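1. The following block contains a protein sequence and its predicted model.
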There are 2 protein chains.
Amino acid sequence: GDMRDISCDINGGRQVIPCKAEGSQVFIPFSFLEKEFEVSGHLDEKKDTFMWVHSQAKIFRPKGRYNPTGVFTYFENYQVESRDRVKCISGKFGVPISTQWSSQGYFYPIQIAQFGLSHFSKFLVEGEPHRLMIEDGEDIRASWRPSVTLSAVSQDSNDLIVNNVVQMENPGNTTKAFTLRFEDIAGANINSNIKQLVLSWDMKISKCPSKCALKIIVTVLCDSKPYYLHYVNEDFLIDVKDNKHFYYGLGQEMESDWQHVIRDVHIDTQKGLSFKSPSKRSKSHIKIAKSKVVLESFTIHVSPGVTFLLDNLTMSNAEHMAQFYQAADWFVLNQDDMGGWPIPVKRKFSSDFPAVLEPGWNSAMSQGHALSLLSRAYYFSNSSAYKNALVRAISKIFELSGLERGVQTRFLDKYVWYEEYPTTPSSFVLNGFMYALLGLYDLKMVKVSGGVSTKADKLYEEGLQSLKMMLPLFDTGSGTMYDLRHFTVPGVTPNLARIDYHVTHINQLLTFATFEEDPIFKTTAERWIGYTQGIRAPHN
Amino acid sequence: GDMRDISCDINGGRQVIPCKAEGSQVFIPFSFLEKEFEVSGHLDEKKDTFMWVHSQAKIFRPKGRYNPTGVFTYFENYQVESRDRVKCISGKFGVPISTQWSSQGYFYPIQIAQFGLSHFSKFLVEGEPHRLMIEDGEDIRASWRPSVTLSAVSQDSNDLIVNNVVQMENPGNTTKAFTLRFEDIAGANINSNIKQLVLSWDMKISKCPSKCALKIIVTVLCDSKPYYLHYVNEDFLIDVKDNKHFYYGLGQEMESDWQHVIRDVHIDTQKGLSFKSPSKRSKSHIKIAKSKVVLESFTIHVSPGVTFLLDNLTMSNAEHMAQFYQAADWFVLNQDDMGGWPIPVKRKFSSDFPAVLEPGWNSAMSQGHALSLLSRAYYFSNSSAYKNALVRAISKIFELSGLERGVQTRFLDKYVWYEEYPTTPSSFVLNGFMYALLGLYDLKMVKVSGGVSTKADKLYEEGLQSLKMMLPLFDTGSGTMYDLRHFTVPGVTPNLARIDYHVTHINQLLTFATFEEDPIFKTTAERWIGYTQGIRAPHN
Ligand SMILES: [Ca+2]
Ligand SMILES: [Ca+2]
């Protein structure tokens, strides 16, 4: 039959689109269906086959029983720092800075914990990184121009092992630069497949006049174009000049103590390229391939009168464990009196949900993620700093209401719920609650003494009971609800979970299913997986 | 560009269908979309336009404020007796017999009330029917062959007005037949546009030997083919012979009192044609157009020794009020000691919802519909029989649990709910609950004395509160849940409402919105109307 052009009138004139017909058979353009039903597909030209997919959902099926001191759910698949809403990695703390609800950037404990947990999980999956020591002041020495001297330092006077470090002095009146070129480094393989783009070093300003400026410039080539990463002893986060000079503040207190710096120059270049001043916000985020980034030089600019010490300059493809500990240390350093990590930005919701969180709110998700992170840090390091942070983290916040800067609410005065957003009225965000429960589970299983794990157990079991009872309320028969705002404020439009969150729900349920006996986790997860393939619940 | 044939692979090989492509544009056959997304459409060949509709949903927008003694919601649009799941109209009670959960057929109070309420509503909308008296024993006389005698009857000895009735005696030894042909009836217009296919009459067997048989045969032509409707003094419901003889039992107790019979011969012919013996169940239901049905003759077969009395033989296009009262009278006659109308069939649910209702259960929906029906019957007739039935109907059942043969449950021990299916665990069917509330509202507003309306008010207000709070739980963001079985039994698949029930939900909410001030009814209804046009709630 002949194919002819016809019109398609969608729902009584809501839209009119061009269609095709062959006899009585009507053909609808996929470009319309794509938007109308949020499906996707691509034409495989070779096979002349169109691959229709209901969703791009990627389900991570657990490989085994969830281990509270092992990989955190499926976080080995994440790289938090490359996300668009990460402004940059803080030079001072080595943790990401979020722009999610404030373009200025702020420390967002949830993101920081996820950064730490993903690095931890990647370490367990990938194992030790490919690492090359460039300069340790001992056997391994770099070719500095001009050459540098060594200095012996020790932890204390009883220290038997003398550690040599590189010393860079500037007795002159102008800034003095010490440079090394990566092409001169034996074994650096700067063009190899395994890109060693993570630089780390220990450093200290040992002598400083009234005003001491320090700047480390890492020059990288990207498609043969030079970019300059400036690491400076300032307190700002990031700044950019001429679209090729990217400045990161390492903090002003560099002289007080040795500082361990880890910089992923791939990320630092990318964040610099994507940097927009708060006045000209834009959604454009520049991604550059790792393979295109080549390390060129490492230069230390020392201002007059300053003496700078450097040790253990290393290049590697990853520093997962060190970055994990940097995240855990951020939590130790930034915990407040209540045991929380108050979020410094205001959080508003959609126009018809009348809740507002004023700066300083705690989140059950950050609290839970902190437990997952600190439990692992404690388990692996046995350091009392992490243990003390764990003790404080569950001392109050899980039991106080949002109005008391806690995170607990109850569903119809009955089921305890830990709120990602402790709004009034309650919002009952599902994924944040499940992460909170996982944190409690981790702490419970790591068996911290002094009643800590017992308390975590109680909080966990209460919450788990709620989860089992309330899970069905999130099931729409073709997807899931992100929260229950439509229930707490009758009349409010339901807030459906977009596919990413739907998949998060599924992955979380699959995780619970590996260690909780109740079949509801597995049953529900499998039904929800069906939804990602267009298999809806039946109607009557 | 040239249109070419390609394959469409749906969700990784779940299905492969033939598609079309023109360049990089892909066209999907509507026949696939129709099933995949349950949408519909038709090709308007003249305009070369395809009319795509998300659903065939028909929303009845209320014309004004709901009136508890007026039209019942939008029931003027229904004709209960023509539904497939109505086996036939009972000869004895004039009410429908359901085959919904038992092919044998049974009195289903919900269906009977809907039958009554739709006839009541149709009467208010349509007004008095087109009616032709054929035989009243007074001024209007029919040409019976053989001719008949008259007899004067009176209610009691004090009766001043003498009523003449037609008397048919059979002193012989064989059955005697009295016939009238509709073509002989002046003004019957048997071929006119306004089909007067409802026959009604008053009758009584005034003399009867040990065994007295009576049969009234109405012969109709349908496409010139004769069908014989046999109305007999037997207790069975319906029987069929040779696919043209359709038997209806008027009950054996015809001699005890005058009986008012109303038969819609169009419906009786259709139900006869659709009749299947329980052994050979089939889904085929035959519909015949009213315009094709022509009345031919009305014959009374009187067995030996019997004297039969007949009065007020009438043909009309409808007998809405009389049928409404027949339904109300069924409720008066069949109410049990608890004040309910126990449903005589077992009710099972889907395989994964473990509830069973054993025969004898009460339903909040039948209870509510009964209140709506009896409130109207009481308001218009002022008859104490209806009032007494109303008193009994709310005496207990709304406050007892399903296990006590009542209908009340609570959502999380908090919100009172009246159950269409008082299952254990609870099912929380939405449409039945809203009908129950409407019944309570009707009774409350009709202001029956003796604390009855006060009690209805209390039950209504409690339920309304629950409705307002729980409505959101039925909202899926793209449709509605039929019930909350997935919540009461965690793990159970949600039972989505098919489009008919979704529309019922909407129509019910629009009804509440006409008299309840809370904006939730209107807001929710409008959102749910959007769903019928493919406008989903947003996702985050
Ligand atoms: Ca050293
Ligand atoms: Ca008469």
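-> Perfect, thanks for sending it. Ligands and ions are numbered 1, 2, ... in the order given.

2. going forward, measure contacts and count neighbours with C-alpha atoms only.
-> Fine.

3. give me phi/psi at residue A:9?
-> Torsion angles at residue A:9 (phi, psi; degrees, to the nearest 10) stand at phi -100, psi 120.

4. That one: neighbour count?
-> For residue A:9, the tally of surrounding residues (other CA atoms under 10 Å in any protein chain shown) stands at 19.

5. That one and residue B:54 touch, don't they?
-> No: look at residue A:9 against residue B:54 with CA atoms under 8 Å: they stay out of range, at 11.1 Å.

6. Tell me which residue in the stretch 351-500 of chain A sits closest to ligand 1.
-> residue A:381 (22.6 Å; CA to the ion).

7. Quick check: phi and psi at that residue.
-> Residue torsions, per degrees, to the nearest 10, at residue A:381 are phi -100, psi -20.

8. who touches the residue of chain A at minimum distance from ligand 2 in this structure?
-> Closest residue of chain A to ligand 2, CA to the ion: residue A:540 (51.1 Å). Contacts here follow CA atoms under 8 Å, 6 or more residues apart in numbering or on different chains; on that basis residue A:540 touches B:482, B:495-498.

9. Quick check: it vs residue B:407, distance?
-> Taking CA to CA, to the nearest Å as the measure, residue A:540 falls 22 Å from residue B:407.

10. try residue A:35
-> With CA to CA as the criterion, residue A:35 and residue B:407 are 45 Å apart.

11. Residue A:454 now?
-> For residue A:454, the distance to residue B:407 - CA to CA - is 43 Å.

12. more neighbours, these two?
-> residue B:407 (28 against 16).

13. Hmm, the more buried one is touching residue B:399, no?
-> Yes: assessed by CA under 8 Å, residue B:407 is found in contact with residue B:399 at 7.0 Å.

14. which residues in the stretch 351-500 of chain A form helices?
-> Using DSSP state H, counting those that start in this stretch, the helices of the stretch 351-500 of chain A run over A:364-381, A:384-393, A:430-446, A:452-470, A:485-488, A:499-515.

15. Output those helices as a markdown table; include the columns distance to residue A:61.
-> What follows is these, written out as a markdown table (distance: least, CA to CA, whole Å):
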| stretch | distance to residue A:61 |
| --- | --- |
| helix A:364-381 | 20 |
| helix A:384-393 | 29 |
| helix A:430-446 | 17 |
| helix A:452-470 | 20 |
| helix A:485-488 | 30 |
| helix A:499-515 | 7 |
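
16. Quick one: closest of these to residue B:513.
-> Closest to residue B:513 of these, according to CA to CA: helix A:485-488, at 18.8 Å.

17. do the closest one and chain B meet?
-> Yes: counting by CA under 8 Å from any CA of the partner chain, chain B is contacted by helix A:485-488 at A:486-487.

18. Check what pLDDT the residue at minimal distance from the centre of chain A gets.
-> Against the mean C-alpha coordinate of chain A, by CA atoms, centre = their mean, the closest residue is residue A:80 at 3.1 Å. With respect to pLDDT, residue A:80 scores 96.

19. One more: the one 10 residues further on?
-> Taken from the predicted model, the pLDDT recorded for residue A:90 is 97.

20. Where does pLDDT dip in chain A?
-> Judged by pLDDT under 70, chain A has its weakly predicted residues at A:1, A:155-159, A:254-255, A:277-284.

21. Find the closest residue to chain B in the stretch 251-400 of chain A.
-> Chain B sits closest to residue A:350 of the stretch 251-400 of chain A, with a gap of 9.6 Å, by CA to the nearest CA.

22. neighbours around that residue, how many?
-> 11.

23. Skip the chain neighbours and tell me the closest residue to residue A:125.
-> residue A:76 (7.0 Å; CA to CA, 6 or more residues apart in numbering or on different chains).

24. sec struct for that neighbour, please.
-> helix (DSSP: H, G, I helix; E, B strand; the rest coil).

25. is stretch A:303-310 anywhere near ligand 1?
-> No: if you take CA under 5 Å from the ion as the test, stretch A:303-310 misses ligand 1, and the best it gets is 8.4 Å.

26. For that stretch, which residues meet the burial criterion?
-> Within stretch A:303-310, the residues that count as buried by 16 or more other CA atoms under 10 Å in any protein chain shown are A:303-310.

27. Equivalent analysis for stretch A:487-507, please.
-> Across stretch A:487-507, burial judged by 16+ other CA under 10 Å covers A:487-499, A:501-507.

28. Also stretch A:441-460?
-> Of all the residues in stretch A:441-460, those buried under the rule 16+ other CA under 10 Å are A:441-448, A:452-457, A:459-460.
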